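A.B. asks: sequence and predicted model, in that order:
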Amino acid sequence: MALRKSTRTRRSAAKDDFEYGPWSFPRARVERREPRENSDPWPIIEVVSRVDANQVIVKWAGDWPNSVVDLRFNPELEKQLQANCCHPGVKVFKEEQLLFHDNDELALLKQGIFDNLNYRYTASVDEGHQRRVTVTVPFSENNFRALFLQQLSMPLCKELLEEHPLENCFSRQRAISLPYDKMEEMNTILGKNWDVRTFPTNTVCRVVQIDGVHISWGYKKRETFSHKECPRCNWEESSGSERPDSCTPKLFYFVGKAEMNFSFTRQRVHWEAADEA
């Protein structure tokens, strides 16, 4: 009997022809992910308090508990804190922050005085280098009456108190020139050490009280001119008339806030214990 040839094919011994694509380790496992665009480099909401000179306790975003951050390893946070050290909302500097005064307008005046006590020439003689400066701040009539006219025992102040409303006190006859023997009254109004600013070195910038202070108050004159109806500015050659030789604009006055001018002499001298008594 003859044998039939089988129709079944023999399984090929050739290797699998499946092609594998390029492969690498997952990025999340072996590579550091860069911060997303416009995202914070650290999820810190606020700095709560200070542990020591180098460490602070921070509040994190989300449900993370508060923890300690070493500023020596986080220079960005240290720079941000130093840039906002005078911000009243930064809690970490609460113990180092000082207020100029409880009264807002007196605080502005003392702030202006402090900013001008920055004469940086070191004294070369006992008197030091001297220069007279003027601080100008908004100051209401009510506060000027209550804080200066009523508390300074000078005849001029008594006379000005009788005026209603109070007119400008810019002229020499109406401005207050407080002499040295009355400076204790100014110390009572502005508070302790209003007249001195200390520095990292052993020198200070101080108001020269022996020269007294000069105080003026009122509404500064501020003029502006409108040329909209000025004949000279609106002249046209076709008008047949000669162009005026000068402008005749309309005058207007800006009404601003009342201001106080506080003038004094400052000098840079050596530090004394009384400067921070």
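C.D. replies: Looks like it arrived, so ask away.
A.B. asks: for the nearest residue to residue 244 once chain neighbours are set aside, give me its contacts.
C.D. replies: Spatial nearest neighbour of residue 244, chain neighbours left out: residue 232 (4.2 Å); criterion: C-beta to C-beta, 6 or more residues apart in numbering. Quick note: C-beta positions are derived from backbone N, CA and C, even for glycine. Residue 232 is in contact with 243-248, counting by C-beta atoms under 8 Å, 6 or more residues apart in numbering.
A.B. asks: switch to 10 Å and redo it
C.D. replies: 243-249 (C-beta atoms under 10 Å, 6 or more residues apart in numbering).
A.B. asks: how close does it get to residue 77?
C.D. replies: Distance of residue 232 to residue 77, given as C-beta to C-beta, to the nearest Å: 63 Å.
A.B. asks: ok, residue 238 next?
C.D. replies: Using C-beta to C-beta, we find residue 238 at a distance of 71 Å from residue 77.
A.B. asks: before we move on, the earlier item: which one of the contacts of residue 232 sits closest to residue 152?
C.D. replies: Residue 152 has its nearest neighbour among the contacts of residue 232 in residue 249, at 42.3 Å by C-beta to C-beta.
A.B. asks: neighbours of that closest one, how many?
C.D. replies: Per other C-beta atoms under 10 Å, the neighbour tally for residue 249 reads 14.
A.B. asks: next: residue 248.
C.D. replies: By the criterion of other C-beta under 10 Å, residue 248 has 13 neighbours.
A.B. asks: ok, for it, nearest residue in space, not its chain neighbours?
C.D. replies: Using C-beta to C-beta, 6+ apart, the closest residue to residue 248 is residue 230 (5.8 Å).
A.B. asks: pretty sure that neighbour contacts residue 243?
C.D. replies: No: checked against C-beta atoms under 10 Å, the pair residue 230 and residue 243 is beyond contact range at 11.1 Å.
A.B. asks: between these two, which is the more surrounded one?
C.D. replies: A count of neighbours by other C-beta under 10 Å puts residue 230 above the other of residue 230 and residue 243, at 16 against 11.
A.B. asks: what sits against the more buried one?
C.D. replies: Counted by C-beta under 10 Å, 6+ apart, residue 230 has contacts 244, 246-250.
A.B. asks: roughly how far does residue 267 sit from residue 189?
C.D. replies: Distance of residue 267 to residue 189, computed by C-beta to C-beta: 22 Å.
A.B. asks: neighbour-wise, which of those two wins?
C.D. replies: Between residue 267 and residue 189, counting by other C-beta under 10 Å, residue 267 is the more crowded of the two (19 against 15).
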